[in-house]
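Colleague: quick one, what's the 3D model for this:
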Amino acid sequence: MATTLPGVDVVTVGVGWTGGIVAAECSKAGLKVVGLERGQRRGTEDYLTVHDEYRYAIRYDIMQNLSKETVSFRNNRNMKALPMRQLGSFLLGEGLGGSGTHWNGMTYRFLPYDFQIKTLTDKRYGPKKLGPDFLLQDWGLTYDELEPYFDKFEKTAGISGDDKNPFSGKRSNPYPTGPMKMTPMLTQFETAAKKLKLSPYMVPSANLSEVYKNPDGETINACQYCGFCERFGCEYGAKSSAEITVVLTALKTNNFDLRYNSNVVEILKKGNKVTGVRYIDTISGEEFIQPANAVVLTSYVFNNAKLLMVSNIGERYDPATGKGTLGRNYCYQILPGAAGFFDEQYNTFMGAGSLGMSLDDYNGDNFDHSDLDFIHGGSIALTQTGARPIGSNPTPPDTPTWGSEFKKQSIHYYTRSFGIGAQGASMPHKENYLSLDSTYKDAYGLPLMQLTYNFTDQDRALHKYISARAADIMKEMGAKTVVPNAEITDYNIVPYQTTHNTGGTVMSLKPEDGVVNNYLQHWNVENLFAVSAGNFAHNSGYNPTGTLGALAYRCAEGVVKYSKSGGSLV
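Modeller: The predicted structure is shown next:
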């Protein structure tokens, strides 16, 4: 028997960046908010042993426990899906801060092209450029409409940048803090890129270049360039994350109740409204019902979609008929690039998660695709994130993968090699989608989220083209040996690639095209909101967090508006 608790104005399901932003904005507006986090509490004081590479980067200490909940995977719907039993292709966060705790900190804004990708692609190349199997659509919100929310997120996080990207959308303000330090390898990249008539700029970074106090009064410290960002929390409090910014802001209002070890298993609904959520205390096993006037799903991509599906809210996507929107438009990212091996040495072991230089000459529609068999592209970057010794064993081609020669080469090239990489955009395809697994269940008796996904010919063509451009830059940098990334075939969930999963709960201009409107309000259930990278109609050539932060502020504004007047916000 579940215990029913006193009702509140708002309940958030998950307390990472999105849940923290919604909690902070709603509690500042005077609403009573409960944040349900299925993981545990953590803060900067919990990361004093953060430089333990084996514990955090190899054994994934702060990631999701897959023995309790995971996803199942197959390349196509004719295959048997099997559970992912070890973290591989992507790393699912858990605990206060979610995936925003172990992120690198790259904080881009998606391009204006991204938000109107269907309209602008059709206008320039015609509607048959990709073909009918790709589910390309505009987002229902333009870059200019989202710009104030981008600005607000960057000020909250104190993002460091240089405003030198000629392809970016118009900005209302410069970055709150200046760019990170230049290093010899970044200077070398900048010089080579300019010789090729490209436009390099410093990566927008949530590893702050200086001590900064944000508009809510929270202090973020300056980066120490220790090289332990990705897969780690920051013991210095120098990497912007929810637990050192918006969560603290929400707690200071005394309107925010944060509960740990609280796993939501059902959204409760009556008529055309939700009434709250049912959750399980993962320590005691007790069940609770938390009534709320508004429910906001602020967990990871997979979990937001899963909760809607198991609660029978919305029509699930059927690839056979094309009907339904819940689970549709799942996208990942591809990783073109090139490795370079040099004679001179670099301090590769130092760095930060988003210390780097990037260029957008081959991103979005910034170059002509008329004679190419793909659209979009990717941001090409050289990042100096810190080469940790266990995971960094660079060797030239044809080097044995074990033995004395492998050891000799990996030691020699540890400080004499690095890569130029790209985040390749991913376009939605009718056969790539999310659904519920019919066989496997999690520890709480719910079906696993099932991922059906494979790379497309669009992905393969984009990957090959962008890898060649990365190799051009590496050659100009003077590498002795240049190795473009191998061409991709079928997607494999085992090796790590990127945690940038998107889609499944797409935002749209019309109800028939998505799950939520442009306030992230559910089209069919007016007091239910869902905000995550699942709202992206496709995946761009950038990290998603900057755009996700902007959408979270848009969502929070919508929840506050709804609390005053009710009804549909669009």
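
Colleague: so Asn75 touches Leu451, yeah?
Modeller: No. If you go by CB atoms under 8 Å, Asn75 and Leu451 don't touch, sitting 9.8 Å apart. Glycine gets a C-beta too; all of them are placed from N, C-alpha and C.

Colleague: with neighbour numbers in mind, choose between these two.
Modeller: Applying other CB atoms under 10 Å to Asn75 and Leu451 shows that Leu451 carries more neighbours, namely 27 against 18.

Colleague: and that one, how far is that from His102?
Modeller: With distances defined as CB to CB, to the nearest Å, the gap from Leu451 to His102 amounts to 21 Å.

Colleague: next: Ile411.
Modeller: Shown here: Ile411 relative to His102, a distance of 28 Å by CB to CB.

Colleague: tell me which of these two has more neighbours.
Modeller: When Ile411 is set against His102 and neighbours are counted by other CB under 10 Å, the residue ahead is His102, at 27 against 11.

Colleague: in the stretch 151-300 of the chain, which spans are helices?
Modeller: If you assign secondary structure with DSSP state H, counting those that start in this stretch, the helices in the stretch 151-300 of the chain sit at 184-195, 246-252.

Colleague: and for the chain?
Modeller: 17-28, 53, 112-115, 117-125, 143-157, 184-195, 246-252, 301-310, 404-413, 457-476, 545-565 (DSSP state H).

Colleague: ok, residues contacting the third one?
Modeller: Spelled out, that is helix 112-115. 120, 138-139, 141-144, 146, 169, 364-366, 538, 540 (CB atoms under 8 Å, 6 or more residues apart in numbering).

Colleague: what about it, distance to the chain center?
Modeller: Here the centre of helix 112-115 is set off from its chain's centre by 17 Å, with CA atoms, centre = their mean, to the nearest Å.

Colleague: try the last one
Modeller: On the basis of CA atoms, centre = their mean, helix 545-565 is displaced by 18 Å from the centre of the chain it belongs to.

Colleague: in stretch 317-332, which residues are buried?
Modeller: Neighbour-count burial for stretch 317-332, with 16 or more other CB atoms under 10 Å as criterion, is recorded at Tyr317, Pro319, Thr325, Leu326, Gly327, Arg328, Asn329, Tyr330, Cys331, Tyr332.

Colleague: ok, these vs Leu569, which is closest?
Modeller: Nearest to Leu569 out of those is Thr325 (CB to CB; 18.5 Å).

Colleague: bridging residues for Phe73?
Modeller: According to DSSP bridges, Leu82, Leu451 are recorded as the beta-bridge partners of Phe73.

Colleague: who are the contact partners of it?
Modeller: Under the criterion of CB under 8 Å, 6+ apart, the contact list for Phe73 reads Ala81, Leu82, Pro83, Met84, Gln450, Leu451, Thr452, Tyr453, Ile493.

Colleague: same check, this time on Gly558
Modeller: For Gly558, the contacting residues are Tyr519, Leu520, Gln521, Phe529, Leu569, taking CB under 8 Å, 6+ apart as the criterion.

Colleague: of those, which is the nearest to Ala238?
Modeller: Proximity of the contacts of Gly558 to Ala238 (CB to CB) peaks at Leu520, which lies at 30.0 Å.

Colleague: and the gap between the nearest residue in space to that closest one that is not next to it in sequence and Gly100?
Modeller: Excluding its sequence neighbours, the residue lying closest to Leu520 (CB to CB, 6 or more residues apart in numbering) is Cys555, at 3.9 Å. Applying CB to CB, the value for Cys555 to Gly100 is 16 Å.

Colleague: can you put the buried residues of stretch 317-332 in TSV and add distance to Leu372 and pLDDT?
Modeller: Written out in TSV, the entries for the buried residues of stretch 317-332 read as follows (distance: CB to CB, whole Å; pLDDT from 0 to 100):
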residue	distance to Leu372	pLDDT
Tyr317	29	98
Pro319	27	98
Thr325	30	98
Leu326	33	98
Gly327	30	98
Arg328	26	98
Asn329	23	98
Tyr330	24	98
Cys331	19	98
Tyr332	21	98
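
Colleague: any weak-confidence spans in the protein?
Modeller: Within the chain, the stretches with pLDDT under 70 are 45-49.

Colleague: the same query, at a cut-off of 80, please.
Modeller: Applying pLDDT under 80 to the predicted model, the residue ranges of the chain that meet it are 43-50.

Colleague: Asn263: neighbour count?
Modeller: Residues near Asn263, counting by other CB under 10 Å, number 21.

Colleague: I'd say it and Gly285 touch.
Modeller: No. The pair Asn263 and Gly285 does not pass the contact test of CB under 8 Å, sitting 10.6 Å apart.

Colleague: Lys118 against Gln137, yeah?
Modeller: Yes. Checked against CB under 8 Å, the pair Lys118 and Gln137 is within contact range at 5.1 Å.

Colleague: which residue of these two possesses the greater neighbour count?
Modeller: When Lys118 is set against Gln137 and neighbours are counted by other CB under 10 Å, the residue ahead is Gln137, at 22 against 17.

Colleague: phi, psi of the more buried one?
Modeller: Recorded main-chain torsions at Gln137 are phi -150, psi 150, according to degrees, to the nearest 10.

Colleague: next, the contact list for it, please.
Modeller: Ile117, Lys118, Asn329, Pro428, Val506, Ser508, Asp513, Gly514, Ala537.

Colleague: can you pull the contacts of the second one?
Modeller: Yep, that's Lys118 we're talking about. Contacts of Lys118 were listed using CB under 8 Å, 6+ apart, and they are Leu136, Gln137, Asp138.

Colleague: got the residues you listed as JSON lines, with distance to Lys197 columns?
Modeller: Conversion of the contacts of Lys118 to JSON lines gives the following (distance: CB to CB, whole Å):
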{"residue": "Leu136", "distance to Lys197": "30"}
{"residue": "Gln137", "distance to Lys197": "34"}
{"residue": "Asp138", "distance to Lys197": "32"}
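
Colleague: give me the distance between the residue located most distally from the centre of the chain and Met427.
Modeller: Distance from the C-alpha centroid of the chain, by CA atoms, centre = their mean, peaks at Ser404 (39.3 Å). Computed with CB to CB, the distance linking Ser404 and Met427 is 46 Å.

Colleague: what's the answer for Leu520, then?
Modeller: As judged by CB to CB, Leu520 and Met427 stand 22 Å apart.

Colleague: what about these two, which has more around it?
Modeller: Looking at Leu520 and Met427 with other CB under 10 Å, you find the greater number of neighbours at Leu520, namely 30 against 23.

Colleague: contacting residues around the more buried one?
Modeller: Shown in contact with Leu520 (CB under 8 Å, 6+ apart): Met507, Phe529, Ala530, Val531, Asn535, Leu551, Arg554, Cys555, Gly558.

Colleague: which of those residues count as buried?
Modeller: Neighbour counting by 16+ other CB under 10 Å classes Met507, Phe529, Ala530, Val531, Asn535, Leu551, Arg554, Cys555, Gly558 among the contacts of Leu520 as buried.

Colleague: could I get those as JSON lines with distance to Val10?
Modeller: Formatted as JSON lines, the entries for those read as follows, by distance: CB to CB, whole Å:
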{"residue": "Met507", "distance to Val10": "20"}
{"residue": "Phe529", "distance to Val10": "9"}
{"residue": "Ala530", "distance to Val10": "13"}
{"residue": "Val531", "distance to Val10": "13"}
{"residue": "Asn535", "distance to Val10": "18"}
{"residue": "Leu551", "distance to Val10": "17"}
{"residue": "Arg554", "distance to Val10": "16"}
{"residue": "Cys555", "distance to Val10": "11"}
{"residue": "Gly558", "distance to Val10": "11"}
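
Colleague: out of those residues, which is nearest to Asn272?
Modeller: Ranking the buried ones among the contacts of Leu520 by separation from Asn272, with CB to CB as the measure, puts Phe529 on top at 14.7 Å.
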